[in-house]
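**Student:** Structural data only, the sequence is not supplied:
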């Protein structure tokens, strides 16, 4: 047994233990400024309604721009639907138990191509279905190879796509003809790198492509001649990100995101012939290049200012920016080609804490936006859902941590209310101020929720993202515990009635929290989290194994790092009741991780329950499992955080 009392985390530190990690400057929030609004009509939103809110997957324009094809789970399975651009009742094109996504359409208007795996195993084949409906055909049928991330050539029926073998970590770029025959363009040797297509140029004779390291710390931009596979590196530098998002048709100008010289991602235009740059105006926040308009006169860019994202239109001649005027929250593009063939409309997604994700159509001329879908149940309306707020607090070493807090209505500031901390997955990811079915379900039932962006998160610069390398479950866990302390300091939350819940790396953080700081959280739920990095390294998919090496090295080279970073080292100190939910076919966090947690705590006599879903992978795609997992999670916290379980 590796537990030692000295290893248990202190929740606070009297003085900083290390230097503050630099992030964008922003004011620290006063926890007393949190407030619970009055709403006499506020009520618990039915879990059934939240759990059956439909998802927005991929989307694609028809060749004539009159129709949109959407991947969504209107029937409980993510299949493909067709709707008129002007608005119509959606028509179902495909029917499958397995999830379908990654839509593109052929230039001749005859076909919708899409990706589909088997039981959530993430090894997708390429399928197609006639745009008018009909038989679905599996074009690739390669169980040991994944194909996806398609980009259709301007003519001729060719599609660029990404391929990856089960036996390898690296992914490569290839082209596929209309019959499904695939020809490789790259032959990557390093298992930590992968290729992806960006834009066809020179009338389909060449491609602009990205070559990226799996941890997102290094990125390069290349040109590939399709006929002979000749590759030319256009942009690249050690420990630096260059990421192309689009290119002009002649390949002369490339839209690029980079953290070169600033340590923060920022957007610009790169002239290939002169090697010259034109950058957008400086911002401390993460900014990413996007797509060129059909006439090439503007570029759409995305700015992530803390936990909210916005879109702007940039004049490529003057580099002046004009916000698109979308509502505050989380805004982004949808599909590999978001702008309609005639250039008039652009597909965008929007969500907020009180508004689930939907597809919208933005008119490029009038700057007006209108909904194209209504995916949420009627009960999930802004008038009924709790509101969120961005907060900033100082962690143990003075580092600024941003978080999203969702406050229930009608709470008393009397220190008696339950709360739940929601660490995100990744760790190279970010909690954003969009719709969260978990925050909505919890907050509408009286739980205060907080989603912290602990060190290791994206969005706050290169140094912050790297601050938990070889320290997983160390400083980032202290940041997460500080989120709980922020809620307690508000005067609303009861320190003894705070739970923790997360999936994937959030599940890992949950397990670390209840083992390494066993007195901090009164109840815990973890979905497909990591208990043992050694067995993870042995059992997981090769690309995730490569990612793990970038975070904590290898078990042989870094055994002490593995011991310190594995919840297995601390889990026997756990006191909190723990619910674990896991997909049987998860290739990212294999089934054995959940079983290991269950067996250890059950043998010790802890309160523990473990649920496995067959034919599910990393995240649950079948609507009955999405609903069941949410119901079980809410019920667990109702049982162990509330005096009387909610009805």
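**Tutor:** The structure has been received and is ready for your questions. Bear in mind that the values here come from a model prediction, so they are computed numbers and not experimental data. Numbers count the residues shown, from 1 in each chain.
**Student:** what about the residue sitting nearest the centre point of the chain, distance to residue 506?
**Tutor:** For the chain, the residue nearest the mean C-alpha position is residue 429 (6.3 Å; CA atoms, centre = their mean). Residue 429 sits at a distance of 9 Å from residue 506 (criterion: CB to CB, to the nearest Å). Just so you know, the C-beta spots here come from the backbone N, C-alpha and C atoms, and that holds for glycine as well.
**Student:** And for residue 598?
**Tutor:** Between residue 598 and residue 506 the distance, using CB to CB, works out to 18 Å.
**Student:** I'd assumed residue 603 was in a strand, is it?
**Tutor:** No: Residue 603: not assigned to a strand; according to DSSP: H, G, I helix; E, B strand; the rest coil it is helix.
**Student:** Run a quick neighbour tally on it.
**Tutor:** When neighbours are counted by other CB atoms under 10 Å, residue 603 registers 10.
**Student:** still on that earlier bit, between residue 598 and residue 506, which is the more surrounded one?
**Tutor:** Regarding residue 598 and residue 506, a neighbour count based on other CB under 10 Å identifies residue 506 as having more, with 26 against 20.
**Student:** What sits closest to the more buried one if chain neighbours are left out?
**Tutor:** Nearest residue to residue 506 in three dimensions, chain neighbours excluded: residue 423, at 4.3 Å (CB to CB, 6 or more residues apart in numbering).
**Student:** Look up phi and psi at the one you found.
**Tutor:** Backbone torsions for residue 423, taken as degrees, to the nearest 10, come to phi -70, psi 140.
**Student:** How about residue 488?
**Tutor:** The phi and psi torsions at residue 488 (degrees, to the nearest 10) take the values phi -60, psi -40.
**Student:** Helices of this structure, start to end?
**Tutor:** 47-51, 437-443, 462-465, 475-489, 505-516, 533-539, 542-552, 559-565, 591-604, 623-641 (DSSP state H).
**Student:** what comes into contact with the first one?
**Tutor:** If I follow you right, that is helix 47-51. Outside helix 47-51, the residues within contact range by CB atoms under 8 Å, 6 or more residues apart in numbering are 377, 379-380, 437, 440-441, 623, 626-627, 630-631, 634.
**Student:** now those residues as JSON lines including distance to residue 86 and pLDDT?
**Tutor:** Putting the contacts of helix 47-51 into JSON lines (distance: CB to CB, whole Å; pLDDT from 0 to 100) gives the following:
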{"residue": "377", "distance to residue 86": "25", "pLDDT": "86"}
{"residue": "379", "distance to residue 86": "28", "pLDDT": "86"}
{"residue": "380", "distance to residue 86": "26", "pLDDT": "87"}
{"residue": "437", "distance to residue 86": "30", "pLDDT": "91"}
{"residue": "440", "distance to residue 86": "31", "pLDDT": "92"}
{"residue": "441", "distance to residue 86": "35", "pLDDT": "94"}
{"residue": "623", "distance to residue 86": "29", "pLDDT": "88"}
{"residue": "626", "distance to residue 86": "31", "pLDDT": "90"}
{"residue": "627", "distance to residue 86": "33", "pLDDT": "93"}
{"residue": "630", "distance to residue 86": "35", "pLDDT": "95"}
{"residue": "631", "distance to residue 86": "38", "pLDDT": "95"}
{"residue": "634", "distance to residue 86": "40", "pLDDT": "96"}
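**Student:** Neighbour-wise, which one of those leads?
**Tutor:** Neighbour counts for those, by other CB under 10 Å, peak at residue 440, which reaches 25 neighbours.
**Student:** Please tell me how far that one sits from residue 120.
**Tutor:** If you measure residue 440 against residue 120 using CB to CB, the figure is 24 Å.
**Student:** what's the answer for residue 379, then?
**Tutor:** Noted for residue 379: a distance of 28 Å to residue 120, by CB to CB.
**Student:** Okay, buried residues for stretch 599-610 please.
**Tutor:** The neighbour-count criterion (16 or more other CB atoms under 10 Å) identifies 600-601, 606-608, 610 as the buried residues of stretch 599-610.
**Student:** For those, which two are the farthest from each other?
**Tutor:** The distance between the two most remote of the buried residues of stretch 599-610 (CB to CB) is 13.4 Å, for 600 and 607.
**Student:** Name the residues contacting each of these two.
**Tutor:** Both residue 600 and residue 607 lack any common contacting residue under the criterion CB under 8 Å, 6+ apart.
**Student:** Output the below-cut-off pLDDT ranges for this structure.
**Tutor:** For the chain, the stretches with pLDDT under 70 are 1-18, 643-647.
**Student:** just how off-centre is stretch 59-70 within its chain?
**Tutor:** Its chain's C-alpha centre and that of stretch 59-70 lie 25 Å apart, by CA atoms, centre = their mean, to the nearest Å.
**Student:** Same question for stretch 631-647.
**Tutor:** The chain centre lies 27 Å from the centre of stretch 631-647; the measure is CA atoms, centre = their mean.
**Student:** Which strand in this structure has the most residues?
**Tutor:** strand 493-503 (DSSP state E).
**Student:** tell me what that strand is packed against?
**Tutor:** The elements that strand 493-503 packs onto, with contact taken as 3 or more CB pairs under 8 Å, 6 or more residues apart in numbering; DSSP states H and E, are strand 417-421, helix 475-489, helix 505-516, strand 523-527, helix 623-641.
**Student:** Skipping adjacent residues, who's closest to residue 315 in space?
**Tutor:** residue 298 (5.8 Å).
**Student:** Could you pull up the residues touching that neighbour?
**Tutor:** Residues in contact with residue 298, defined by CB under 8 Å, 6+ apart, are 292, 313-316.
**Student:** hmm, 10 Å instead?
**Tutor:** For residue 298, the residues meeting the contact criterion (CB atoms under 10 Å, 6 or more residues apart in numbering) are 291-292, 312-317, 320, 322, 364.
**Student:** do residue 201 as well
**Tutor:** Residue 201 makes contact with 154, 207-208, 223-224, 247-252, 254, 272, according to CB under 10 Å, 6+ apart.
**Student:** Reformat those as CSV; add distance to residue 144 and neighbour count.
**Tutor:** Output for the contacts of residue 201, formatted as CSV (distance: CB to CB, whole Å; neighbours: other CB atoms under 10 Å):
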residue, distance to residue 144, neighbour count
154, 32, 12
207, 25, 26
208, 29, 24
223, 30, 20
224, 25, 21
247, 33, 24
248, 38, 18
249, 36, 15
250, 39, 11
251, 34, 19
252, 40, 13
254, 34, 26
272, 37, 20
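**Student:** between those, which is nearest residue 340?
**Tutor:** The shortest gap between residue 340 and any of the contacts of residue 201 belongs to residue 154, at 15.6 Å (CB to CB).
**Student:** how about the closest residue to the closest one other than its chain neighbours, what does it touch?
**Tutor:** With CB to CB, 6+ apart as the criterion, residue 154 has its nearest non-adjacent residue at 5.0 Å, and that residue is residue 204. By CB under 10 Å, 6+ apart, the residues touching residue 204 are 152-156, 158, 160, 175, 226, 249.
**Student:** Please repeat the previous calculation with a cut-off of 7 Å.
**Tutor:** By CB atoms under 7 Å, 6 or more residues apart in numbering, the contact set of residue 204 is 153-156, 158.
**Student:** So which of the residues you listed is the closest to residue 188?
**Tutor:** Top of the list for closeness to residue 188, among the contacts of residue 204 and by CB to CB, is residue 158 at 20.9 Å.
**Student:** didn't that closest one look like it was pressed against residue 179?
**Tutor:** No: Residue 158 is beyond contact range of residue 179, at 11.2 Å (criterion: CB atoms under 7 Å).
**Student:** the more surrounded of those two?
**Tutor:** When neighbours are counted by other CB under 10 Å, residue 158 comes out ahead of the other of residue 158 and residue 179, with 18 against 8.
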